[in-house]
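A.B. asks: Dropping a prediction and its sequence here:
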Amino acid sequence: MAKQHATIYVCQNCGRQERKWSGRCADCGEFNSFVEERFRPSPVAVGKTSAATAGARISLNSFRETKPISYGEIESQDDARTSSGIAEFDRVLGGGIVAGSLVLIGGAPGIGKSTLIIQVADKLSRSNTTVLYVSGEESERQIKMRGERLGLNAENLFLLPETNLENILAEVEKLQPDAIIVDSIQTVFSSAVESAPGSVSQVREVASQFMMFAKGTSTPVFLIGHVTKEGSIAGPKALEHIVDTVLYFEGDRHHNHRIIRATKNRFGAANEIGIFEMTNEGLTPVGNPSEVFLQERPEGASGSVVTVCMEGTRPMLVEVQALVSGTKFGAGRRMAQGFDYNRTSLLIAVLEKRLGFQLAGDDVFVNVAGGLEVDEPAADLGVIAAIASSFRNLAIPPDTAVFGEVGLTGEVRGVLQAQVRAREAQTLGFKKLILPASNRKGLEKLLGTRVVGVRNLDEALDELF
């Protein structure tokens, strides 16, 4: 008789399986991450399973026909999006909620994941959409208290405090909701897997079942996930491959602003962001984030410059700050917040080699104000300008904005979507815009803004100072 159960060790960080326990994972390099789990072959293959599990699997598999369909016969779904009622959330999703989509929302504890998703549930319920909120961490009374604090009145919102997957699917069969929210994916477990809730096997099985349900019934499903200390979704990387969209909350929970970034989106632009402000009424969308990031900018201070970056399809003006001060040690420190540290060191080396700046004995600190993470090369010229301004102790005019990529030879290279960036700067009233010379074509007649194209750092600093 074949052995039905076996003991395996699974890495809780990446999902690698081993026959024996190991102190270090060979795939991800994580130490002490292997946990013993009981492995059992699929109930469908073995032919023995509980009635609840079998019924759930049979009902899920019977929703869609498994036959090939011609590409030309498939109807377009461009207009099949449903608005969540929150403009910034729709932007991150790519224009709205797609039927049958599986969305994963991750973030640090207390940053506002549950607050946002219950606001979305309230907006959907007001448009005669039946929403099922599955809570594995809070009771229905706790969720009700949060809703009252936020002033919600969701008539079509149903709460289900349950963690067993088979029981959840049975209630879904009865209610037939138009949207499902699961808070959180790490608390739900399946009886078909003999391991603790939140383990790699459980998370993979539960996510796969919700994925089959979403695709088979065209019901959007939102999964809330915890993050690890490294900032990634807790559970295997396969979880992010299963879902259609991955949204991450960014920002310090001690500040008012929250940023939601789409790191993966099968229905829209990746790296799109939505800006929210945490208030007593919940998360409020910020219509013009550029003004928010620039509203507390100091006037006449050295080491401050405005650069134009692209977040998905949205142009944003952010303030880049730099502080150059003498060090008490032999070698100067380099620190960057909101900008890549290695890229900062590279730009400092370019300043020393190409422009003769003596920064080896100085501490250099770079910060992107507002808590935004900028990871595109177009911010290079802004970082260079801020460091040069602080080093020379000369203030850059407040109505000047810059953007451009800087090469190792000191040249200023062109960037994508220069016209969109320039028009955003013009809209916010900037009188002078310094950009790569290759991007200046077509921007000569930008009303109210003087556009200056530069080919290298020498020309850029001459225009700035």
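C.D. replies: All right, it came through fine. Residues are numbered from 1 along each chain as shown.
A.B. asks: From now on I want contacts and neighbour counts done on CA atoms only, so please keep to that.
C.D. replies: Fine.
A.B. asks: give me the low-pLDDT residue ranges for this structure?
C.D. replies: Along the chain, segments meeting pLDDT under 70 span 1-5, 39-66, 77-79, 228-238, 252-254.
A.B. asks: which one's the longest helix in it?
C.D. replies: For the chain, the longest helix by residue count, based on DSSP state H, is helix 200-217.
A.B. asks: What residues of the helix or strand that comes right after that helix count as buried?
C.D. replies: Counting by DSSP states H and E, the element after helix 200-217 in chain order, helix or strand, is strand 221-225. For strand 221-225, the neighbour count (16 or more other Cα atoms under 10 Å) marks 221-225 as buried.
A.B. asks: Neighbouring strands of strand 221-225 in the sheet, and parallel or not?
C.D. replies: strand 102-106 (parallel), strand 179-183 (parallel) (DSSP bridges).
A.B. asks: Contacts only, for the residue nearest to residue 461 when sequence neighbours are not counted.
C.D. replies: Leaving aside its chain neighbours, residue 461 sits nearest to residue 385 (7.2 Å; criterion: Cα to Cα, 6 or more residues apart in numbering). By Cα atoms under 8 Å, 6 or more residues apart in numbering, the contact set of residue 385 is 303, 305, 461, 464.
A.B. asks: residues near residue 196, how many?
C.D. replies: 17 (other Cα atoms under 10 Å).
A.B. asks: Just to check, it is in contact with residue 188?
C.D. replies: No - shown here, residue 196 and residue 188 do not form a contact pair, counting by Cα atoms under 8 Å, at 9.7 Å.
A.B. asks: Name the residues contacting each of the two.
C.D. replies: residue 202.
A.B. asks: Export the strands paired with strand 221-225 as CSV, with columns for mean neighbour count.
C.D. replies: Formatted as CSV, these follow (neighbours: other Cα atoms under 10 Å):
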stretch, mean neighbour count
strand 102-106, 26
strand 179-183, 25
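A.B. asks: Of those strands, which is nearest residue 455?
C.D. replies: Closest to residue 455 of the strands paired with strand 221-225, according to Cα to Cα: strand 102-106, at 41.9 Å.
A.B. asks: How far away from the center of its chain is that closest one?
C.D. replies: 10 Å (Cα atoms, centre = their mean, to the nearest Å).
A.B. asks: Taking strand 102-106 as reference, get the angle to the longest helix of the chain.
C.D. replies: Orientation of helix 200-217 against strand 102-106 (axes from the mean of the first three to the mean of the last three Cα atoms, to 10 degrees) gives an angle of 140 degrees.
A.B. asks: Show me what helix 200-217 is packed up against.
C.D. replies: Under the contact criterion of 3 or more Cα pairs under 8 Å, 6 or more residues apart in numbering; DSSP states H and E, helix 200-217 touches helix 51-61, strand 102-106, helix 238-242.
A.B. asks: What are the neighbouring residues in contact with residue 290?
C.D. replies: 316-318.
A.B. asks: That one: which element?
C.D. replies: Element membership of residue 290, judged by DSSP H and E, is helix 289-294.
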